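1. fold the following, please.
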Amino acid sequence: MIAFFQTGGIGDAILGSAIIDRLIELYGRVALLHYNHLVPQVIQGREDLAFIRKMTPEMCCDMDAVRKYAPEVDMVVFNKFRKDHDGKLNFFCPTNDSMNREAASYRNSYDRAFEAEYGKPFSELDPLVLLDTFNSETDYFSDWKRYGMNVGYDDVNIPIHDYTVDRNESKVLPIGKFAIVHDSKMPIDGKSVYPLKAWYRDRWKNLCHRIRDDYGLAVVQIITGDQEPFCDSVIPHYDIIGKDAIFQDYLYMLSKSALYVGTDSWPAHAAIFARGPKYVFLKGAVSRRWDHDYRFSKIIRMGSCQACEGPLSASNNCVWDFGNRGCMNVISVDNVMEAISSAIG
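-> Predicted structure coming up:
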């Protein structure tokens with residue numbers, strides 16, 4: 001049996017749905033392993049997975065641990081590089097010797113494809129050069145394609161279920177036309193997971209007023225954790241879909257909005273298949289792979305560094321720009337309003 005290990009959160013899980021489908025085509029039913037407790041909500045309703053299992057750090061600290069805690073699995077396909085049976089970087093890591101040759105074949109395919117693109121073997125590039133190379137690519141599925149997997153944006157699909165519509169339609173429709181604002185990385189007080197990706201509360205307040213006044217839209221804020229509303233004029237999401245809302249409820253509300261404005265978070269990836277709203281994103285030093293080649297949204301980028309998806313230390317100290325958050329600081333409210341005007345007129 002093959003398992004797909006989804007190491008990220010909701011955004012990765014949305015895009016990973018295409019990978020799961022491709023692995024099922026190749027191997028039949030697959031299992032899903034995951035870190036983030038919200039991942040099962042994204043794949044809710046799927047009946048083609050052998051099992052779903054949450055993995056803790058100690059359960060996957062190395063492949064021996066994975067073998068112990070997922071004994072049914074013969075090969076784990078990660079969505080990021082791990083060391084395989086030969087101690088080499090690979091997405092395909094066997095836990096049974098019978099899959100060693102197949103895993104090595106995937107690795108060799110990747111190496112050949114990478115060298116054909118960049119003129120050097122994957123292993124010969126300096127790690128910082130390699131990081132900059134990967135972060136400058138605009139296709140999220142670049143690595144998967146190097147492995148020979150025919151997968152892309154058209155394969156991403158998370159359906160909104162009928163029971164989700166029935167549960168939320170009477171709550172969402174009475175609002176009329178509305179915009180959604182969202183900054184999951186706020187507040188910038190050391191408690192945010194990635195403060196370098198957050199914008200500023202005073203600018204959000206100004207922006208919310210201008211969206212309401214210039215476009216006549218109600219403004220709904222998706223509030224993460226213990227955040228406070230950006231201003232008195234916004235409608236907290238839980239006043240509409242409740243404090244016990246799950247991913248499907250958020251997704252339905254998003255699909256009915258006219259405009260979404262946010263920093264780097266999961267709706268950036270829902271934009272691929274939830275085509276109702278116009279999307280405007282404020283992005284700093286996040287990998288350009290997450291821009292999806294600008295095909296699904298208006299993206300405001302002022303910085304050129306690529307730190308925020310590097311090591312965990314980059315979440316508090318930008319290793320490229322000395323922690324000054326310059327990439328987000330230079331984004332003004334006028335910049336955002338211009339992008340909104342370009343998106344919705």
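2. pull up the distance across stretch 50-61, start to finish.
-> 23 Å (Cα to Cα, to the nearest Å).
3. for stretch 270-287, same thing?
-> End-to-end distance of stretch 270-287 (Cα to Cα): 17 Å.
4. give me the average confidence score over it.
-> Confidence over stretch 270-287 (mean pLDDT, whole number) is 89.
5. what pairs with the longest strand seen in the chain, and is each one parallel or antiparallel?
-> Using DSSP state E to define each element, the chain has its longest strand at strand 75-83. Here strand 75-83 has these sheet partners by DSSP bridges: strand 2-6 (parallel), strand 89-94 (antiparallel).
6. name the next helix or strand downstream of the shortest one, please.
-> Which is strand 2-6. Where DSSP states H and E defines the elements, the next helix or strand beyond strand 2-6 is helix 10-27.
7. which strands and helices lie in contact with that following helix?
-> In terms of contacts (3 or more Cβ pairs under 8 Å, 6 or more residues apart in numbering; DSSP states H and E), helix 10-27 is packed against strand 2-6, strand 30-34, helix 39-42, strand 75-83, helix 267-270. Just so you know, the C-beta spots here come from the backbone N, C-alpha and C atoms, and that holds for glycine as well.
8. F247: which of the ones you listed is closest?
-> Proximity to F247 (Cβ to Cβ) singles out helix 39-42 among these, at 3.9 Å.
9. show me what that closest one is packed up against.
-> helix 10-27, helix 247-255.
10. same thing but 10 Å
-> strand 2-6, helix 10-27, strand 30-34, strand 49-54, helix 247-255 (3 or more Cβ pairs under 10 Å, 6 or more residues apart in numbering; DSSP states H and E).
11. if we can go back for a sec, can I get the strands paired with strand 75-83 in a markdown table including mean pLDDT and distance to A70?
-> Supplementary listing: those in a markdown table, determined by pLDDT from 0 to 100; distance: least, Cβ to Cβ, whole Å:
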| stretch | mean pLDDT | distance to A70 |
| --- | --- | --- |
| strand 2-6 | 97 | 6 |
| strand 89-94 | 97 | 11 |
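12. ok, which of those comes nearest W266?
-> So among the strands paired with strand 75-83, strand 2-6 is nearest, using Cβ to Cβ, at 13.1 Å.
13. average pLDDT for the longest strand of the chain?
-> 96.
14. what's the answer for stretch 12-24, then?
-> Across stretch 12-24, the average pLDDT comes to 96.
15. and R203, what element?
-> Assigned by DSSP H and E, R203 falls in helix 201-215.
16. show me what that helix packs onto, helices and strands only.
-> strand 178-182, strand 218-222, strand 259-263, strand 278-283, helix 333-344.
17. redo that, cut-off 6 Å
-> Under the contact criterion of 3 or more Cβ pairs under 6 Å, 6 or more residues apart in numbering; DSSP states H and E, helix 201-215 touches strand 218-222, helix 333-344.
18. out of these, nearest to K185?
-> Nearest to K185, of those and by Cβ to Cβ, is strand 218-222 at 12.4 Å.
19. pull up the pairing partners for the closest one, direction included.
-> When DSSP bridges is applied, strand 218-222 pairs with strand 178-182 (parallel), strand 235-236 (parallel).
20. name the SS class of the nearest residue to D291 once chain neighbours are set aside, please.
-> Distances taken as Cβ to Cβ, 6 or more residues apart in numbering place I299 nearest to D291, at 5.4 Å, with adjacent residues excluded. Here I299 is strand, with the state taken from DSSP: H, G, I helix; E, B strand; the rest coil.
21. what's the pLDDT at I299?
-> 94.
22. endpoint to endpoint, stretch 31-48 covers what distance?
-> Start-to-end, stretch 31-48 (Cα to Cα) is 9 Å.
23. please apply the same query to stretch 120-140.
-> Stretch 120-140 has an end-to-end distance of 21 Å (criterion: Cα to Cα).
24. next: stretch 217-229.
-> 17 Å.
25. what's the helix or strand of the chain with the lowest mean pLDDT in contact with?
-> Least confident helix or strand, the chain: helix 326-329 with a mean of 80, by mean pLDDT, DSSP states H and E. Contacts with helix 326-329, where a contact means Cβ atoms under 6 Å, 6 or more residues apart in numbering, come from 199, 284-285, 302-303.
26. tell me how many other residues crowd the residue nearest to W266 when sequence neighbours are not counted.
-> Of all residues not flanking W266 in the chain, I10 sits nearest, at 3.9 Å (Cβ to Cβ, 6+ apart). For I10, the count of nearby residues is 21 (other Cβ atoms under 10 Å).
27. where does the stretch 201-345 of the chain dip in pLDDT?
-> 303-325 (pLDDT under 70).
28. do the same with the stretch 51-200 of the chain
-> For the stretch 51-200 of the chain, the stretches flagged by pLDDT under 70 are 188-194.
29. one step back: out of the strands paired with strand 218-222, deepest packed?
-> strand 178-182 (a mean of 24; mean count of other Cβ atoms under 10 Å).
30. distance from the chain centre to that strand, please.
-> 18 Å (Cα atoms, centre = their mean, to the nearest Å).
31. can you list the residues that contact that strand?
-> Contacts for strand 178-182 (Cβ under 6 Å, 6+ apart): 211, 217-222, 257, 259-262.
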